[in-house]
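Trainee: for reference, the sequence and a predicted model appear below.
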Amino acid sequence: MLQLAWGLCLLVNIAGFFVYGYDKWRARRQGRRVPERTLLWFLFATGWVGCWAAMSLFRHKTVKASFRRWAILWTIVNPFWAMVWLTFG
């Protein structure tokens, strides 16, 4: 069961990375954007590694202070840490 959880975590990280990249691509083309709520949910749903990597690589959502505060909060209060504790604790 724990292996399944880690596999899903990996998939969420990959999906989050691509969703952040897609949002940045849409922002450059003045197109319809991915809602910030969706971006934050990917970050909270154990996808924080992929989301932070995308934010850094694409320089996306790095200046908006309110988004960064929520991103930091959801990274700290994240189910990922429970998975780490169950795996290694």
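Mentor: Received the coordinates, thanks.

Trainee: list the buried ones in the longest helix anywhere in the chain?
Mentor: Criterion DSSP state H: the longest helix present in the chain is helix 2-28. If you call a residue buried by 16 or more other C-beta atoms under 10 Å, then helix 2-28 has these buried ones: 5, 9, 12, 13, 16, 17, 19, 20, 21, 23, 24. C-betas here are computed from N, CA, C, even on glycine.

Trainee: which elements pack onto it?
Mentor: Contacts defined by 3 or more C-beta pairs under 8 Å, 6 or more residues apart in numbering; DSSP states H and E place helix 2-28 against helix 36-42, helix 48-58, helix 79-88.

Trainee: now that helix: how far from the chain's centre is it?
Mentor: Its chain's average C-alpha position is 7 Å from that of helix 2-28, according to C-alpha atoms, centre = their mean, to the nearest Å.

Trainee: mean confidence score for that helix?
Mentor: Average pLDDT, helix 2-28: 92.

Trainee: and residue 64, which of the helices and strands packed on helix 2-28 is closest to it?
Mentor: Across the helices and strands packed on helix 2-28, residue 64 has its closest neighbour in helix 36-42 (8.6 Å, C-beta to C-beta).
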